[in-house]
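Peer 1: please work out how this folds:
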Amino acid sequence: MEECSEDGLLDPSFVQRKMEEQLAKNLKQRSMKYFVAEIENELVGYAVGSIRKNYMYKEKMEGMIYELFVKKEHRRKGIGSALTKKILGWFKAKKITPQLVNVYVWNEAAEKIYTKCGF
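Peer 2: Residues are numbered from 1 along each chain as shown. Below you'll find the predicted structure:
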C-alpha cells in the first residue's frame, strides 16, 4: 500500500498530499470559507466555517464553525475571537443563523470564545 510505510504507519508524504487535495477541493466550494490571521506575514491562526442543510429540517440552512486554531504563542490576544466574528459575519451576510460549533470537550479556551460570541 502506497499510504503505509514499512512499519505499517501512514506515510507522512501521503498524508500531506491527501490534506492538500482536500484543502484544494474545499477552497473551491462556495459553502466553505477559510479565514486566516497573519502577523508580519506569518500565519498565526485560522478558522473554517461551512453553510449546509440542517439534517433535521432539510429546508433550513445552518452555519457551522468546524475549526478554530491559533498558534500557542499568539493565544489570549483576541485572534480566536476575531476569527470567530469573521465567520459569524459571513453567516450573517448570507442570512444564515449560526447554530453549531465543533469543539473538543477539553478545549476550554475555545469554549470561552464561543460562549462570548453567543453560543
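Peer 1: rounded mean pLDDT for the one helix or strand Val48 maps to, please.
Peer 2: Assessed by DSSP states H and E, Val48 sits inside strand 42-53. Averaging pLDDT along strand 42-53 yields 90.
Peer 1: and it, what does it pack against?
Peer 2: Judged by 3 or more CB pairs under 8 Å, 6 or more residues apart in numbering; DSSP states H and E, strand 42-53 is in contact with strand 32-39, strand 61-70, helix 79-93. Using the backbone N, CA and C atoms, a C-beta is placed for each residue, glycine as well.
Peer 1: report the angle between the shortest one and strand 42-53.
Peer 2: Calculated by axes from the mean of the first three to the mean of the last three CA atoms, to 10 degrees, strand 32-39 forms an angle of 160 degrees with strand 42-53.
Peer 1: mean confidence for strand 32-39?
Peer 2: In the prediction, strand 32-39 has an average pLDDT of 92.
Peer 1: make a markdown table out of the helices and strands packed on strand 42-53 and add distance to Ala24.
Peer 2: Shown next, in a markdown table, are those (distance: least, CB to CB, whole Å):
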| stretch | distance to Ala24 |
| --- | --- |
| strand 32-39 | 12 |
| strand 61-70 | 17 |
| helix 79-93 | 20 |
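Peer 1: deepest-packed of those, please.
Peer 2: Most buried of the helices and strands packed on strand 42-53, by mean neighbour count (mean count of other CB atoms under 10 Å): strand 61-70, with a mean of 20.
Peer 1: list the contacts of that one.
Peer 2: Contact with strand 61-70 is made by 37, 44-54, 79-80, 83-84, 87-88, 90-91, 94, 96-103, 110, 113-114, as judged by CB atoms under 8 Å, 6 or more residues apart in numbering.
Peer 1: try it again at 7 Å.
Peer 2: With contacts defined as CB atoms under 7 Å, 6 or more residues apart in numbering, strand 61-70 is touched by 44-54, 79-80, 83-84, 87, 91, 96-102, 110.
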